[in-house]
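> how would this look folded up:
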Amino acid sequence: MNLLEISVRADGEAAEALSELFNRLGYGGAVIEEVPSLEPHNVVVKTYLPCDESLETKRRALEEGVWHLGRLYAVPEPQFRELREEDWANAWKQYHPVQHVGQRIVLKPTWREYQSQPGELTIHLDPGMAFGTGQHPSTRLCLLALEKHVRPGMRVLDVGTGSGILAILAAKLGAQEVYACDVDPVAVEVARENVALNQIADSVRVEAGSLDA
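Residues are numbered from 1 along each chain as shown. Predicted structure coming up:
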């Protein structure tokens, strides 16, 4: 099945709003790409939609969302490009490099090569279709907050865990017990896989649901 790529070029503040919209409506969430430029619109936010019977409805919803954001920010018209599924399956990975966050945190996609250095906390991550790659500003702020405040022996609750990135970091920082939950069954599956990948299943529990369920 082919996919329709939707991309919008924006500045940092508008890019955050666009990524929230794309994470909610797009297939696999939002991809944020920084473009070296002296122009104010130096970030490209992308998402994808399956080319199936729901395409037109979802495309209209995205276009309407971008239009409304355009009333608040200087957001240009979205650009559209159709991709073959096999091209998309590999193309999106180029937008996820190894990332260094804070003093010790390293976010390493599973398809990237990286040699961890002494003292670093390396999180091996395959986000799949779940939110949480470390590129979104809110995720990075949460990572920094955890690095600053989590101490060995603490208990941590991660509501809306997405890819499990925050729960995994809490465990690597020494949290004795981490409970992570999400209402999205796909996110729960992805988070469990990432927890296993980081070999911390003894201290992190991932369940479907929320605080009131």
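> which secondary structure element contains the closest residue to Leu146 other than its chain neighbours?
Counting by C-beta to C-beta, 6 or more residues apart in numbering, Leu146 lies nearest to Leu169, which is 5.3 Å off, once chain neighbours are set aside. C-betas here are computed from N, CA, C, even on glycine. When elements are assigned from DSSP states H and E, Leu169 belongs to helix 165-172.
> Name the surrounding residues that touch whichever helix or strand comes after that helix.
Beyond helix 165-172 on the C-terminal side, the first helix or strand identified by DSSP H and E is strand 177-182. Identification of contacts with strand 177-182 by C-beta atoms under 8 Å, 6 or more residues apart in numbering yields 130, 155-162, 164, 166-167, 170-171, 188, 191, 203-211.
> Show me what strand 177-182 pairs with in its sheet, parallel or antiparallel.
Here strand 177-182 has these sheet partners by DSSP bridges: strand 155-159 (parallel), strand 204-208 (parallel).
> between that strand and helix 165-172, how big is the angle?
170 degrees (axes from the mean of the first three to the mean of the last three C-alpha atoms, to 10 degrees).
> when you give positions from now on, start the count at 535
With the count now opening at 535, the last piece we talked about shows up as strand 711-716.
> after the helix or strand bottoming out on mean pLDDT in the chain comes which helix or strand?
The least trusted helix or strand in the chain, going by mean pLDDT, DSSP states H and E, turns out to be helix 619-625, with a mean of 65. Once the chain leaves helix 619-625, the next helix or strand it forms, by DSSP H and E, is strand 633-635.
> where do the helices sit along this structure?
Remark: helices assigned in the chain by DSSP state H are 546-559, 589-603, 619-625, 671-683, 699-706, 719-731.
> what comes up buried for the longest one?
Residues Lys592, Arg593, Leu596, Gly599, Val600, Leu603 are the ones in helix 589-603 that count as buried (16 or more other C-beta atoms under 10 Å).
> Not counting sequence-adjacent ones, nearest residue to Asp716?
Thr695 (4.9 Å).
> How is the chain partitioned into domains?
Residue ranges for the domains of the chain, per automatic domain parsing: 537-626, 630-742.
> weakest of the ones you listed by average pLDDT?
The minimum mean pLDDT among the domains of the chain belongs to domain 537-626 (a mean of 83).
> Any chance of the buried residues of helix 589-603 in TSV with distance to Phe614 as columns?
Output for the buried residues of helix 589-603, formatted as TSV (distance: C-beta to C-beta, whole Å):
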residue	distance to Phe614
Lys592	12
Arg593	8
Leu596	10
Gly599	15
Val600	11
Leu603	17
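> and of the residues you listed, the nearest to Glu681?
Sorting the buried residues of helix 589-603 by how near they are to Glu681, with C-beta to C-beta, puts Leu603 at the top with 31.3 Å.
> any idea how far Gly708 is from the most far-flung residue of the chain relative to its centre?
Distance from the C-alpha centroid of the chain peaks at Gly687, with 27.4 Å (C-alpha atoms, centre = their mean). Using C-beta to C-beta, to the nearest Å, Gly687 is found at 7 Å from Gly708.
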